[in-house]
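In: give me the fold of what follows.
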Amino acid sequence: FVLDKLPTADGAAFDSQAEGTAPTCHRDTRVDLLRRIREWADQPGNQPQAHAIFWLNGMAGTGKSTISRTVARHFADRRRLGASFFFKRGDGDGGKAAKFFTTVAAQLTLRWPGLAVHVKKAIDADPTVVTKAIPEQFDKLIFAPLQAASPAPNLILVVDALDECEREEDVKLIIHLLSRARTLRSLCLRVLLTSRPELPIRLGFAELNGTYEDLVLHEIPAPILEHDIGAFLETELARIRDQYNVSVPPDRQLATTWPGQSTVQALVEMAIPLFIFAATVCRFLADRKCGNPDKQLQKVLAHRTRSQESKLDATYLPVLDQLLVGLSSREKDNVLDQFRLVIGSLIILASPLSTSSLSRLL
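Out: The predicted model follows:
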């Protein structure tokens, strides 16, 4: 009954169909960071230094969502994940706050059946509560039921990419409401929240007066980033090499030492601090439609750059260049016209449109 009454955002949970195949951290990467998050989550709630919120922030491409999925999976496997919500701007309910707390309440109820009776009481008392403003949703569907519930082990709530919530005022409000988790008496609720360090979020946390823990991903010491990105690349490139070699005759196979330590190091230097660079390069090299992995790798290396602003350019330019390979002049013009139409429309939109709406517009 309770789950039927709680509207939810499709695809928002870390293990949803939309998110379930997305990557988690490779073994031997992010070791210290993940340990720090686990230690924070395991702190007893009565310790003075214990903070209810851990804000993991970093610029685009630094691996925040991958870390979120890894943490969510870790605690889900130990039956301590209360809920997860991965915001996605322009993705319907996944980019809005309207169903954020009802989705969290539904997941909490599903994972902790003892909470259901208290959520049901709130809905019975006011069936319209699920459509009310988000402070009332939080108070009646989450905070009050958690206060009334029997004691439980530390529960973890993972909120990823809060900066992709579409209304700035909702962003600050969500931070304020979640900070009240520290006042819960019957249990300890920990909130891992990730975002880019954008102004509305910085302002929201400024109002908490330091009653939270934080870590800036792009300020992690370079040697740690170098190790983690290097470990990721070595594992993925070995997998790409092995899969390619079993699909081609012996005379076309890559060397067992491919791509070589010096090349891996060059890719690491190109990537730091952007994990998304390493991940995108590996997807590009693994795509058999693009051809021989080594030839594609040389195209990537041709885009070496040192400037931070152009590292994302170096991530995607080899992929975009591949769109024009083997095309006639007329075909290239058609592809470029379509690219400008679609990407240009996305760039100038003041508010994101759904795929279907954009399709009708174009």
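
In: may I have the phi/psi pair for residue 60?
Out: The phi and psi values for residue 60, taken as degrees, to the nearest 10, are phi -60, psi 140.

In: that one: neighbour count?
Out: 11 (other Cβ atoms under 10 Å). The C-beta positions use only the backbone N, C-alpha and C, and glycine is treated the same way.

In: which non-adjacent residue is nearest it?
Out: residue 196 (6.5 Å; Cβ to Cβ, 6 or more residues apart in numbering).

In: dihedrals phi and psi, that neighbour?
Out: According to degrees, to the nearest 10, residue 196 has phi -80, psi 160.

In: ok, now which ones touch it?
Out: Going by Cβ atoms under 8 Å, 6 or more residues apart in numbering, residue 196 touches 57, 58, 59, 60, 163.

In: and the buried ones among the residues you listed, selectable in PyMOL?
Out: Listed next is the PyMOL selection for buried residues among the contacts of residue 196, using 16 or more other Cβ atoms under 10 Å:
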select buried, resi 57+58+59+163
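
In: need the contacts of residue 196 in TSV (columns: pLDDT).
Out: As requested, the contacts of residue 196 are exported to TSV (pLDDT from 0 to 100):
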residue	pLDDT
57	96
58	94
59	91
60	87
163	95
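
In: so residue 194 sits in a helix?
Out: No - Residue 194 is assigned strand when assessed by DSSP: H, G, I helix; E, B strand; the rest coil, not a helix.

In: can you list the domain ranges for the protein.
Out: Split into domains by automatic domain parsing, the chain comes to 2-219, 222-322.

In: residue 349 is nearest to which of these?
Out: Taking Cβ to Cβ, domain 2-219 is the member of the domains of the chain nearest to residue 349, at 8.7 Å.

In: show me where pLDDT drops low in the protein?
Out: In the predicted model of the chain, residues 1, 45-49, 305-312 satisfy pLDDT under 70.

In: thinking again about what came up before, roughly how far does the residue nearest to residue 60 sit from residue 166?
Out: 14 Å (Cβ to Cβ, to the nearest Å).

In: any idea how far stretch 21-29 is from the chain center?
Out: 12 Å (Cα atoms, centre = their mean, to the nearest Å).

In: how about stretch 130-147?
Out: On Cα atoms, centre = their mean, the centre of stretch 130-147 falls 25 Å from the chain's centre.

In: equivalent analysis for stretch 290-302, please.
Out: 28 Å.

In: ok, residue 109 to residue 233 distance?
Out: In terms of Cβ to Cβ, residue 109 sits 42 Å off from residue 233.

In: which helix or strand contains the residue nearest in space to the middle of the chain?
Out: Among the residues of the chain, the one closest to the centroid is residue 65, at 2.0 Å (Cα atoms, centre = their mean). Following DSSP states H and E, one finds residue 65 within helix 64-77.

In: what lies in contact with that helix?
Out: 14-15, 19, 22-25, 30, 33-34, 37-38, 41, 56-58, 81, 84, 86, 156, 158, 160-161, 192, 194-195, 217, 275.

In: let's go with 6 Å and repeat that
Out: 14, 22-25, 37, 58, 81, 84, 156, 158, 160, 192, 194 (Cβ atoms under 6 Å, 6 or more residues apart in numbering).
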